[in-house]
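Q: I'd like to go over a predicted model; first the sequence, then the structure.
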Protein chains: 2
Amino acid sequence: MEIMMTESHKYLITSNETESSGEDDRPPLMQQDSETSILPRQSRSRRRKCSVLPTVDTVIETTIKKGASNIISSKFESLDYDLMENYLTQSETWKSYNFILYKDFARWVIFFLIGVLTACIGIFIDISIEFIAVFKYSTLKRYLDNSGNTGMLVPLAVWLGFNIVPVLIGSLLVVYVEPVALGSGIPQVKCYLNGIKMPRLVRIKTLVVKTIGVITTVVGGLAGGKEGPMIHSGAIVAAGISQGKSTSFGTDFQIFKYFREDHEKRDFVSGGAAAGVAAAFGAPVGGVLFSLEEGASFWNQSLTWRIFFGTIVTTFTLNVVLSAYYGHPGELTNSGLLNFGKFYDLRYDLLEMFFYVGAGVFGGLTGALYNSLNHKLTVFRIRYMSARYVKVLEAVLVAMVSACVPIIMIYSIDDCRPLGEDPTEHAVQMYCGDGEYNTLAALWLQVPEKSVRTMLHDPKGAFGVFSLSVFVVTYFLLSVWTYGVSVSGGVFIPCLLTGAAWGRLFSLFLQSIFPEATWIDPGKYALIGAAAQLGGVVRMTISLTIILIEATGNISFGLPLMLTLITAKWIGDFFTEGLYDIHIQLSGIPLLAWDPPPLSSNITARIVKSHPVICLRPLETVGNIIDVLKATSHNGFPIVDVEPMTKHSSDGAEQSSAGSTDSHKGDTSHKRDSSHKGDASHKGDASRKDSPGRLVGLILRSQLIILIKHKIYKENQNWPDDQLSSEIFHAEYPRYPSVNDLVVSENDRSFTVKLNLFMNTSPFSVQDSTSLPRVFKLFRALGLRHVVVVNNNNHVVGMITRKDLARYRVWRHGGRMGLEELKISSTL
Amino acid sequence: MEIMMTESHKYLITSNETESSGEDDRPPLMQQDSETSILPRQSRSRRRKCSVLPTVDTVIETTIKKGASNIISSKFESLDYDLMENYLTQSETWKSYNFILYKDFARWVIFFLIGVLTACIGIFIDISIEFIAVFKYSTLKRYLDNSGNTGMLVPLAVWLGFNIVPVLIGSLLVVYVEPVALGSGIPQVKCYLNGIKMPRLVRIKTLVVKTIGVITTVVGGLAGGKEGPMIHSGAIVAAGISQGKSTSFGTDFQIFKYFREDHEKRDFVSGGAAAGVAAAFGAPVGGVLFSLEEGASFWNQSLTWRIFFGTIVTTFTLNVVLSAYYGHPGELTNSGLLNFGKFYDLRYDLLEMFFYVGAGVFGGLTGALYNSLNHKLTVFRIRYMSARYVKVLEAVLVAMVSACVPIIMIYSIDDCRPLGEDPTEHAVQMYCGDGEYNTLAALWLQVPEKSVRTMLHDPKGAFGVFSLSVFVVTYFLLSVWTYGVSVSGGVFIPCLLTGAAWGRLFSLFLQSIFPEATWIDPGKYALIGAAAQLGGVVRMTISLTIILIEATGNISFGLPLMLTLITAKWIGDFFTEGLYDIHIQLSGIPLLAWDPPPLSSNITARIVKSHPVICLRPLETVGNIIDVLKATSHNGFPIVDVEPMTKHSSDGAEQSSAGSTDSHKGDTSHKRDSSHKGDASHKGDASRKDSPGRLVGLILRSQLIILIKHKIYKENQNWPDDQLSSEIFHAEYPRYPSVNDLVVSENDRSFTVKLNLFMNTSPFSVQDSTSLPRVFKLFRALGLRHVVVVNNNNHVVGMITRKDLARYRVWRHGGRMGLEELKISSTL
């Protein structure tokens, strides 16, 4: 019964709550009278009773070093995948089956629109980049061709200009207009699908910044791709269409109103992200699996089917339009923005499996190196580069380096190839002989997607060992630096390009060992290398495999790809987390893993829970509700039946006890230290300490605010029965008024609200003896926002929210594992 | 607030329990004092208290007409996806992280083995069929060629012989040896993955019968395929390997012992079914999605990833071996048993979308007709063909008709084509001119898989309109008849073949309307027709689409296929259920749908629950446990704390009250009518009526049996602490001894068992006010077997099991919808 302590187990469990571990509460087997073990021993459990006034929280306030990865920020709120249920929703569901069918049909329409619009954004990005890139690189080629006369400084200056101008625009937009558009967007979308409210993530403004940003990044010559941003764009499109209104533009189209809730919105956003993947990679199935991998908790059959419809529509639309644009109308050759090109022959030998595994190992190692370097860099950025102008300057610096590096490489390395043998767009002669061209110039004088295709399809010997090696190292370092710079751009393409380059090197190495072998195809090994590098960095599993299979268009090459990806992930996981996870951790986002940490079943809800809980009564005064809302930022309040067994015979008694808590208004829960807990919390309310409330329901903050805003008081029957519908609770979704915006007169404060009419009478609750894995599964599978912890008498003893669960994490690096408990910070 | 009554709403809610609908329990809004609404009014709720002796159940015993589809059989038990949790498991999880890693590794090994072995079975089936079929059809060709001399009776007799002998063997095996091997196996596997215990489904004996059965079916010339059986075979392989023992052979390899529980076994069986799909269709991704579509409740990331590994291994193995066998070693052209062949050109016009939708409509209609006819036939079989020999005779009759029909068609229809233009295996001249062959003979003289390929790839005009029409009608009727006959064989191939044939007809029709059109490719329309027919019959969604895309090998044709399948499903659903669902309903299997029935949120747990519940106490006498086990077949028993608020101070009082119930032994719960409830249930126990037990835990039947078998009594400390591990509860999985096999002396009966040490202290429970959709989601997402229903005081008032939830179903045929409540029968 000992816990393996590891190096990474640095952050020991700090709350003194954990002294009473679940195990200690139990009697030694067969030796003690069983009766005492059913209830936790009072002396050890130290249960906090429910309190109607705000007291302390489990927020642990310490001096947090910026850039630590053992912190969860308390500022992130969760989405609520659970449906609101109360008297109103129960009666309204009797509307008609026709409404159900109509809603179902509307969902299909929305997914169709998501598919088409996501494709349109993809088409816009692709054509814009193509248009600008052709201009940029043909101009550069002219200057390079002319460099014999002008010297290298002139093309360098031109190149710098071509890089700096767009990057500066993109960076200014990201830094000053919409910082959430930074980077690939995949980590943020992943968090949203995981159930976390990501502020401003799915606004139209973000979409505009992201779209322009990604175009500037790619044409600015940075090591960034348009695939991640495409996924983010799809998510925004989905959120916009499904809600039928735009906060950025302040318009409300009054359509699809019935989809205005977290549950429905998240479903559509999954579909949008999937459509984004489909557009990015021409991978409709990969898109579906991406959204399942990142977002799914409960498998929803009909949702998945609709998502697939959306991705198919996206692929089709994109394909039709782009094929026509690139001069092959009706041929459907451009299935995605990233196009690996056709592989006609990907045969492989069983013997090669070893090399695929070897490539996987190498990809895992370089991926871990990438993540580790980028981690350090990101921490540096968090600590020392918080000023906005610094961020813009860094972006410009990266743009400059991204112009200098190719110029230097083209200038200094003479890797020449005869013209005409390989497909080249911009053949630059430089110091090559007549009828030859500089391969590195050809590689650099195109957008990175095309370079990937060059690596995958150019014939044997198209690149020399030395030039490839230099390219791999510099591009690797450049892309490490670029990811996290304040521009929009993803990590897929840089990884694929780096991997494809060293995959080619690997094939040259193999060829030198097996000079007779016919199975050594540099394109095939470039593909394997690309997969290994990407897998080693992002550590996605099934969706990445299928995306690559679909992008390759060759299912029989699935096994090699999978073998490589599995190996890369295993090796990489041995050293670091995935790149996205690192960035999510550094942001302190309480992401829930797919599974509860192993070997945690001795941790019970009693330890996990936050407490004391702020509860309300079934009939509560307005004053009390306002005070509670102002004092805390909690989103769910259990409703308790304060005098159990007497069934609320006296209304007057209720009101007086509610009045007694008014004096505590203004207390804020998040600013207190945990050491205070248990002292000041129950004053003026002592009589209730020993008869804590029995759980009878749960009400949400947004419901309370709407009830008070519309003055739905017991004493003030201003709403006729037939006008009151659950729609008033959805109307202001997703941005409800703040409690400070509510106008409540002193007279109103003594009025009461019948919370029992609007509360959920059957909130999900767990016993305090429930193990962490069990709570975790309940929470994750149902996409909950809060679980009430009760004791054997159904009395509320605590609440468990996402942060309480996300705190427990297993580190399994370097072959060692250990459980750690993260800190929760309100300052991050 | 009115319920739409529909024609199909024939079976009104019969239990008088439902009078107190959840809605009635609530006060009219704003008019009544809220305090009364928190607790249901006592007069209406009629809550049953927990009882320690068996009383009545919700089993409703009526004279059930055989073949009704509104019945749920009470004989089906559920799997338990929830993990056993108690003192032992909590302490054992501290073993080590290495064990976790080891187990994880073992899972990968098992999935690899599942992949390879499933492929081997597929290879065996394929090669056997190929071998025998070549012999059969070349012999038949010889006799047909010679029929000018001998007359048609000789080839007819030979054909009859070739059909009857194998079908007789297969049918005898299925009827007398292992009836669960009947049919395709997909419905049964679907039920297993849904969480239902299907007796003998995954035994080795079933695998042997199924394998031989499917070979005999196909070579016997029946309209049945090997694809469904392949999926079933994969499931059996997975169950066998993962459990490391075989009940059929009585051997136990003592490996993978830690996977012996429902939770793990079901995971592996999902993988096996997926591998089966991969082997059958060369569709690894489709396989993953099939097992998700049919089995997934909670999305398990790492499981899905392993399943995909298994399917990739299967596809690879099958492909390598079959390609080598058919003379193309290393070419990997045989990715699955069903092989659509390569489609090089599947371009399509936007205009064609209308025709695809049209084909979908037709497929939906014919599919509904298929299902409706087969439904009637199956009811007839259930009612009048229960004798075993009759089943065998029917199979022989089908075999005979399946020989006569082709002979008659070949004899009477002269559809001749010049030799050499089309690929034909057995060209029979019959009454055709020299250098010509009879197309119908060519179509019939091969196994149906090859006929599908013929339909998909033969050039324009390969078949005449008349011969195609006759073929479509006869094959359609033959396959309606064949599905459900006592042989092993699936419905995929017959549907694909019928659909491909009318798809070809459709293309001929289009050609006559648009004589100039170049986009009319008969193969393309055959593919669309095949998809439409299959979709119209089986109504699978995403997995079927992906299976067809993978089988076609052409992702750009995804949109047409999907459009066709969506339309076929919608149209078909308008008239009937899917074929598998019809058969599942006729068997009375309590399958849970993906979603709760819509508009059911006014039905609460109070109405859904079974009650009274048989409860046990934390310290229970052996006698009482034995009596309870003998009296009921329940699988989960809530543990209640009988004197709430006194915290079990007196051990003696417990025992005396336990003793008082001994007089009720032998009552059987399932034989009582529901009208008895409430009278005889609490006699001798009256004092407990008003203080019912508070829920403190849940114990499983299997745990009770093991505890008593090993005599783990409080008074008899024969098990030292360190020897007692949770392994004793898994050792006999999945077949625990019956309570009647336990030897308990009269002396032992007064001993007590500390159930609180072994119970799950935090069973999932819901309030009695919880709505049906909410209970459903909890139950389905977590794969539960029982949910305890409690009141506000945490007192047990009922239990909800799968059957209670599966009872509520929505009929939505003919555009009308209504909620119906199924009957539960113990005689079906």
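A: Nice, thanks for sending it over.
Q: From here on, just use CA atoms for contacts and neighbour counts.
A: Noted.
Q: where's A:H232 relative to A:Q188, distance?
A: 8 Å (C-alpha to C-alpha, to the nearest Å).
Q: same thing with A:L369?
A: From A:L369 to A:Q188 the distance is 23 Å (C-alpha to C-alpha).
Q: And A:G433, by the same measure?
A: Distance of A:G433 to A:Q188, computed by C-alpha to C-alpha: 50 Å.
Q: contacts for stretch A:556-568?
A: If you take C-alpha atoms under 8 Å, 6 or more residues apart in numbering or on different chains as the criterion, stretch A:556-568 is touched by A:346-347, A:353, A:356-357, A:359-365, A:367, A:528, A:531-533, A:535-536, A:539, A:541, A:545, A:548-549, B:309, B:312-313, B:316, B:332, B:335.
Q: how does it look with 6 Å?
A: Applying C-alpha atoms under 6 Å, 6 or more residues apart in numbering or on different chains, the contact partners of stretch A:556-568 are A:356-357, A:360-361, A:363-364, A:532, A:535-536, B:312.
Q: of A:H232 and A:Q188, who's got more company?
A: A:H232 (32 against 24; other C-alpha atoms under 10 Å in any protein chain shown).
Q: which residues sit in contact with A:M817?
A: Contacts of A:M817 (C-alpha under 6 Å, 6+ apart): A:W811.
Q: swap that for A:A532, sorry
A: A:A532 makes contact with A:360, A:363, A:564-565, A:568 under the criterion C-alpha under 6 Å, 6+ apart.
Q: Just put those residues in a markdown table and tack on secondary structure and distance to B:L172.
A: Below are the contacts of A:A532 laid out as a markdown table (DSSP: H, G, I helix; E, B strand; the rest coil; distance: C-alpha to C-alpha, whole Å):
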| residue | secondary structure | distance to B:L172 |
| --- | --- | --- |
| A:G360 | helix | 52 |
| A:G363 | helix | 56 |
| A:T564 | helix | 48 |
| A:L565 | helix | 48 |
| A:A568 | helix | 52 |
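Q: Which of those sits closest to chain B?
A: A:L565 (11.1 Å; C-alpha to the nearest C-alpha).
Q: which sections of the stretch 251-400 of chain A are below the confidence cut-off?
A: A:296-299, A:330-335, A:344-345 (pLDDT under 70).
Q: Helices of that one, start to end?
A: Assigned by DSSP state H, counting those that start in this stretch, the helices in the stretch 251-400 of chain A fall at A:262-281, A:284-295, A:301-325, A:353-384, A:388-412.
Q: Quick one: residues in contact with the helix or strand hosting A:L440.
A: According to DSSP states H and E, A:L440 maps onto helix A:439-444. With contact meaning C-alpha under 6 Å, 6+ apart, helix A:439-444 is reached by A:410, A:415-416, A:426-427, A:451.
Q: which ones among those are found in helices?
A: Mapping those onto helices (DSSP state H) picks out A:410, A:451.
Q: can you tell me which two in the contacts of helix A:439-444 are farthest apart?
A: A:C416 and A:S451 (16.9 Å; C-alpha to C-alpha).
Q: about what we covered before: got TSV for the helices of the stretch 251-400 of chain A, with mean neighbour count and distance to B:D252 too?
A: Formatted as TSV, the helices of the stretch 251-400 of chain A follow (neighbours: other C-alpha atoms under 10 Å in any protein chain shown; distance: least, C-alpha to C-alpha, whole Å):
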stretch	mean neighbour count	distance to B:D252
helix A:262-281	30	46
helix A:284-295	27	37
helix A:301-325	25	38
helix A:353-384	21	34
helix A:388-412	19	64
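Q: Out of the ones you listed, which gets nearest to chain B?
A: Short answer: helix A:301-325, nearest of those by C-alpha to the nearest C-alpha, at 5.5 Å.
Q: so for stretch A:116-126, what's the average pLDDT?
A: Here stretch A:116-126 scores 95 as its mean pLDDT.
Q: ditto for stretch A:515-525
A: 85.
Q: That one spans what distance, first to last residue?
A: OK, stretch A:515-525 end separation, C-alpha to C-alpha: 16 Å.
Q: Please apply the same query to stretch A:805-825.
A: 15 Å.
Q: which residues does A:D252 form a beta bridge with?
A: A:K245 (DSSP bridges).
Q: what about it, neighbour count?
A: So A:D252, with other C-alpha under 10 Å, has 12 neighbours.
Q: likewise A:L563?
A: A:L563: 21 neighbours (other C-alpha under 10 Å).
Q: can you tell me which helix or strand it belongs to?
A: Short version, using DSSP H and E: A:L563 is in helix A:558-575.
Q: relative to helix B:301-325, how tilted is that helix?
A: 150 degrees (axes from the mean of the first three to the mean of the last three C-alpha atoms, to 10 degrees).
Q: What pLDDT is listed against A:A501?
A: 95.
Q: Quick check: it vs A:L440, distance?
A: With C-alpha to C-alpha as the criterion, A:A501 and A:L440 are 12 Å apart.
Q: now swap in A:N554 and tell me
A: 29 Å.
Q: Please point out which parts of stretch A:497-516 sit buried.
A: Across stretch A:497-516, burial judged by 16 or more other C-alpha atoms under 10 Å in any protein chain shown covers A:497-508, A:510-511.
Q: and which of the contacts of helix A:439-444 is nearest to chain B?
A: A:S451 (24.8 Å).
Q: Could you pick out the residues of the stretch 401-550 of chain A near chain B for me?
A: A:I542 (C-alpha under 6 Å from any C-alpha of the partner chain).
Q: Do a quick rundown of the strands in the stretch 401-550 of chain A.
A: Applying DSSP state E, counting those that start in this stretch to the stretch 401-550 of chain A gives strands spanning A:416-418, A:436-438.
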